[in-house]
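> I'll drop the sequence and a predicted model, then ask my questions.
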2 protein chains.
Amino acid sequence: MKSQEILVVGGVAAGTAAAAEAARTDPDANVTLYEQGAHISYGACEIPPLVAGDIQSAADLVNLRPREFEREKGAIVRTEHRVESIDTDRRRLFVRDLRADSAERVRFDKLILATGAIPRMPDAPGVDSENVFPIRTLSEADALRTFLDRNPVRHVVIVGGGYIGVEMAEAIVNRGIRATILEPQEGILNQYLSPPMRLIMQRAVEEAGVTVRKEFAERFDVGSDGRVVSVGTDRGEKIGCQAVLICMGVVPNTELAQSAGIRLGQSGAVATDDGMRTNIPTIWACGDVIEVRRVVDDRMIHLPLSPVGFRTARVAAYNAARGGKGSPRHFGGVTGASAVRVFGIEAGVAGLREWEATEAGIDCASVMITHSSRSGSHPDAEKLTVSLVAERGSRRLLGGELVGKDGAALRANILVPLLRERATIGDIQELELVYNPPVAPPRDALLIAASVLARELEKKNGRNRG
Amino acid sequence: MKSQEILVVGGVAAGTAAAAEAARTDPDANVTLYEQGAHISYGACEIPPLVAGDIQSAADLVNLRPREFEREKGAIVRTEHRVESIDTDRRRLFVRDLRADSAERVRFDKLILATGAIPRMPDAPGVDSENVFPIRTLSEADALRTFLDRNPVRHVVIVGGGYIGVEMAEAIVNRGIRATILEPQEGILNQYLSPPMRLIMQRAVEEAGVTVRKEFAERFDVGSDGRVVSVGTDRGEKIGCQAVLICMGVVPNTELAQSAGIRLGQSGAVATDDGMRTNIPTIWACGDVIEVRRVVDDRMIHLPLSPVGFRTARVAAYNAARGGKGSPRHFGGVTGASAVRVFGIEAGVAGLREWEATEAGIDCASVMITHSSRSGSHPDAEKLTVSLVAERGSRRLLGGELVGKDGAALRANILVPLLRERATIGDIQELELVYNPPVAPPRDALLIAASVLARELEKKNGRNRG
C-alpha cells in the first residue's frame, strides 16, 4: 500500500505536536511540516522571561531544532517555507521557499492547518517603525531583546493591557526600564477578570512602578532616525519613549484557510467538528487558528492557549493519520482555565465571568470574598480573593476567578473538573479540600465563596417568590 | 409545642460545629454542649505552630470562648463537664461537673456524640512521667510549650513518625532543640505515602537535622526527679532526652458510645448511616469518633481530619434538629484528601495508595514521575514528584500522591472531584490545567504522570492478552 502524504502547515506549538502525533499514529506516512519562520517547536509563553533576561537566549525557548525534530519525531521539517495557497480539489499546496525564493506544488492526502494567530495591530501612522514590536514570534521577541540590549532605552510604551501586556510590562521593569501601559478599556486584564478582581491586579502592577493610562494610542511620532520618539494618545497627550510594544491580543491567522474555502465559525476562527476536521474532508485544523467549544455554555470561542493547542493538535493529527483504523478521537471542549502571574501576584480563572454569563442570557448570581491562602498564623499566608458565579435555579457553577499572591492560580485547576461535571454550588460547599496550617486554611477560600454564594442564591430565590 | 432538648457531647471542632448547626436549624431548641476539657472550639491542627512558638498563646487557637460561643451560636456550653454514661431508653445523660465534683442526670430528645479521638499510647513503663506528652488537646499542647519554655531542653524524643510526629519534629527544631523520631515501621509517614514518596520526605526531614531511627520505644527510664531521662529501644539503645512526645496516631474515643450499646463499624469507630445516625434512633455521631465511607473503594475508614469532622457535624446536627421538616442531609463520603508540610517540603494525597488498592484486591498499576512545579526557567520552580494509581481494565483513577517544595499539596485538591466522578486516566490526560511559566509548566506533572500511567496500563494489558 502506498504511504499517505500528510502535510502540516505551521510549526510553532500545535503544528509540531500535530506532525509528531501524525508520524506516531501512522509510522508509514510521509509527514512534512512547513513553517514560514526560522524556528519551530517553541513556547511563545516563555517570551516575557526571555525579554526580561531570565532566559539567556532565544535558543533556550526552542524545544527541538528542525533536524532534531526530524530525527526524534519522524517528520520532515521545512522552515522558511510559506504555504501560499491550497488547491483543495487537486489536494495540492503551493509552497514558497523564502530563502531560495522558489516555489513548488506539493501533493497531499491529508492536510493539517496549524497557522496559529497573529497580533492585532493598531491602525495608526508610524506603526511600522523599527522600534515598534509586535510580540508573537520568537524572532520578534529576539529582535526586541537585542534592541533593548543595544540601545539606551529608558521608557517603553506598551499598547494594550491584556495579560501579554502586563507580562511584558513586568519583563521591561525587571530590566530597570520604566513602562507605561495604554489601555483604553476599563482597567488592565479587562477581557480576563471582572472589575473588582482586575482592580487588585492593577494596584499590584501600579505599585511595582508601571503607569497604567486609560488612553488610546492614536499615532506613533517618528523622529529623524526613523524611530518612534513619542506616542500620541486620544487625550492629546504625547508620551515620550524609546520603544513601543504592541500587545493588543491576537486574531486567528485564517487567511490561507479562507482563500481555500474553509469555513470560519461565529468567533471568526476556523470551524471544525469535534474531531478537528474542517468542512473540507481532507483538511483538519488545530491550535490557535480554530475555535473550540466551551463546555459551560456550549459556545464556540477562540481561546489561543498553548495547552488547548496541544490537545486539539493530538486529536486532529490522530484523526488525519489513522486512516480507517481505530476509533476517531473527539475533543472534549474547554472550560477556559488559564492563569497569569506578574510582580508576585497571580490570577487564575475557569469558566464564565459574570458578564459573559449575563451576555449569554443566563440568570446568574456571583459573590466575591477574601480569605487567607493558608492558616492565618502561617508566615507565608496571603490574602486570596475568590469570585464565583452560578446559575440561579439550577445552582450550577458557571465560573470562578481567583486573585492573590499565593495559591490563586493552582486553585483555578480545581474548578475544571467541577465545571465539566456541571457541579452545583452545593457540591462545592461539600468539596473535600486539604487543610493543614502551612498549606491551606481550615475552610478553603473556595468553600467560603461557595457558602456565601449559596446564601445569595437563596436570598434572590426568596425575593423572586415573595 | 415544647422545645426539643438537643445535647452535644464533645466540644473541640466537630462538637461545636454540631451545636451551632443544631441551634441554627431549630432556633427553638435548647442546645447544650458538654466538654470535659477547659477549652472548646479550637483547631488541633494548629498545635505544632503553637509549640514552635509561631503562635503566641494557646488562647490564639481558640475560635470562640464558651460565653462568646453561647452569644453567637445560641447554644449553652458546659466545659469541664464529663458525660459518664447514656441511658438510651430513658434518654438521659449522667453528667459530672469536674470542678464542683457534682453529678446530674440530663434529659435529651436528640443526642449528638462528638467525643473525638484519643492518642494511642505506648504500653511501656515510665509513660506517665510529667515530661512525656501526648499531643491531642490544647491543654496538653500548652503544657508542653510551658515545659519547653521553663526547662533547659536540648533533645526531645518523638515516638512515632506519622504526620503529627514530623510536624512536632519541625516545631521542636524551630525552637533550636534537637529531635529524634523513633519509628519502628519502614520510614516516616509510612501510613501516608508509598515507599519512594516517603523517602523524599524523610531525606528533607533528616537534612533539616532530625534523626530518624527505625526503633521501637520499649521503656522510659525515669530519673530521681520523676522525669524521663532516656528512652530504651528494642535495639537495646538508650537515648538521652529531656522530654518525650507521643505521636503514635489516634484511636476513636468510643468508650461512652460502646457502654451505651452504640454499634461500632469494621474500622473500630462508631458506625452511622449516611445521615450520621447511629443504631440508636435518637443518637447521631460526627467527627473523629465515627467512620466514614471512602468513595473510591466504598470502604468504611477512620479518617480523623478536621474538614471531615466539620462536614459530618453539619449533617448530623441538621438531621438531629430538623424534626420532620425538610429533607434529611446525606454525607457524600470522602476521598481521603489531605496534606502535610514540614521543613519547606509538602505532600498531598487523595484516594488510595497502591498498597491499599492491592490489599483491597483491586488489580492496579501505578507510576511515579518527577517534573518541574513551574516552567523550568522560573526561579521558583522546584522538583515535583507525582505518583498515580489506576485500576487495570476500567483505567479508573484510584489515587494520587504528590511531593515537592512547591505546589504539591494544592494539586492534590484537583484529584478530589476526579476521584468522585470516577474519572479514567484518559480523562486526566485530557484535563485542562493552567499553564503559564511563573505558575505551572506547559504540561503539568499530573498530566505527564497520567500519560506514563496510560502507557503502563496498555503494556500490562498487552502482556495479559499475550
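Happy to help now that I have it.

> Which residue is the nearest non-sequential neighbour of the one residue sitting closest to the centre of chain A?
Per C-alpha atoms, centre = their mean, the C-alpha nearest to the average position across chain A is that of residue A:305, at 3.3 Å. Nearest residue to residue A:305, sequence neighbours excluded (C-beta to C-beta, 6 or more residues apart in numbering or on different chains): residue A:338, at 5.7 Å. Quick note: C-beta positions are derived from backbone N, CA and C, even for glycine.

> thought the one you found was touching residue B:433?
No. Residue A:338 is beyond contact range of residue B:433, at 10.0 Å (criterion: C-beta atoms under 8 Å).

> Which one of the two is surrounded by more residues?
Per other C-beta atoms under 10 Å in any protein chain shown, whichever of residue A:338 and residue B:433 has more neighbours is residue A:338, with 25 against 22.

> Point out where chain A drops to low pLDDT.
A:1, A:460-466 (pLDDT under 70).

> As a check, name the ranges of all helices in it.
A:14-25, A:47-52, A:66-73, A:138-150, A:163-174, A:195-207, A:255-259, A:306-321, A:354-359, A:408-420, A:425-429, A:445-465 (DSSP state H).

> For chain B, find the nearest of those.
helix A:408-420 (4.0 Å; C-beta to the nearest C-beta).

> which residues in the stretch 51-200 of chain A form strands?
With strands called from DSSP state E, counting those that start in this stretch, the stretch 51-200 of chain A shows them at A:76-79, A:81-87, A:92-97, A:102-107, A:110-113, A:117-119, A:132-134, A:155-159, A:178-182.

> Sheet partners, orientation included, of the second one?
Based on DSSP bridges, the pairing partners of strand A:81-87 within the sheet are strand A:92-97 (antiparallel).

> Only C-alpha atoms, please: export the partner strand in CSV.
The C-alpha coordinates for strand A:92-97 follow below in CSV (Å, rounded to 0.1, in the frame of the first residue of the first chain):
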residue,chain,number,x,y,z
ARG,A,92,-2.0,20.4,-3.6
LEU,A,93,-0.2,23.1,-1.7
PHE,A,94,1.6,26.0,-3.4
VAL,A,95,4.7,26.5,-1.3
ARG,A,96,7.3,29.2,-1.5
ASP,A,97,10.9,28.6,-0.3
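
> Now the stretch 51-200 of chain A against chain B: closest residue?
Closest point on the stretch 51-200 of chain A to chain B, by C-beta to the nearest C-beta, is residue A:55, at 5.0 Å.

> My read is that that residue contacts residue A:46, right?
Yes. Residue A:55 lies in contact with residue A:46 (C-beta under 8 Å); the separation is 6.3 Å.

> So between those two, which is more surrounded?
residue A:46 (25 against 22).

> Now for the residue nearest to that one when sequence neighbours are not counted, how many residues are close by?
Of all residues not flanking residue A:46 in the chain, residue A:61 sits nearest, at 4.9 Å (C-beta to C-beta, 6+ apart). Neighbours of residue A:61 under the rule other C-beta under 10 Å: 21.

> who touches residue A:61 in this structure?
A:42, A:43, A:46, A:47, A:50, A:55, A:138 (C-beta atoms under 8 Å, 6 or more residues apart in numbering or on different chains).

> Let's have these in CSV, adding distance to residue B:12.
Below are these laid out as CSV (distance: C-beta to C-beta, whole Å):
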residue, distance to residue B:12
A:42, 55
A:43, 50
A:46, 49
A:47, 52
A:50, 53
A:55, 51
A:138, 58
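
> Out of those residues, grab the one that's most surrounded.
Neighbour-wise, the contacts of residue A:61 (other C-beta under 10 Å) top out at residue A:47, 27 neighbours.

> tell me the contacts of it?
Contacts of residue A:47 (C-beta under 8 Å, 6+ apart): A:61, A:135, A:138, A:141.

> so what's residue A:245 bridging to?
What pairs with residue A:245, by the bridge criterion (DSSP bridges), is residue A:133, residue A:158.

> Name the nearest residue to residue A:212, ignoring sequence neighbours.
residue A:181 (4.8 Å).

> With residue A:84 as the reference, measure out to the one you found.
37 Å (C-beta to C-beta, to the nearest Å).

> higher neighbour count, those two?
Using other C-beta under 10 Å as the criterion, residue A:181 and residue A:84 rank with residue A:181 on top: 27 against 14.

> which residues touch that one?
Contacts of residue A:181 by C-beta under 8 Å, 6+ apart are A:158, A:160, A:161, A:165, A:166, A:169, A:188, A:205, A:210, A:211, A:212, A:213.

> For it, name its beta-bridge partners.
Bridge pairing for residue A:181 - DSSP bridges - gives residue A:158, residue A:212.

> number of nearby residues for the nearest residue to residue A:111 once chain neighbours are set aside?
Nearest residue to residue A:111, sequence neighbours excluded (C-beta to C-beta, 6+ apart): residue A:283, at 4.6 Å. Burial measure for residue A:283: 27 neighbouring residues, criterion other C-beta under 10 Å.

> so how far is residue B:183 from the nearest residue to residue A:434 once chain neighbours are set aside?
Leaving out its chain neighbours, the residue that sits closest to residue A:434 by C-beta to C-beta, 6+ apart is residue B:339, at 3.9 Å. Spatial separation of residue B:339 from residue B:183 under the definition C-beta to C-beta is 20 Å.
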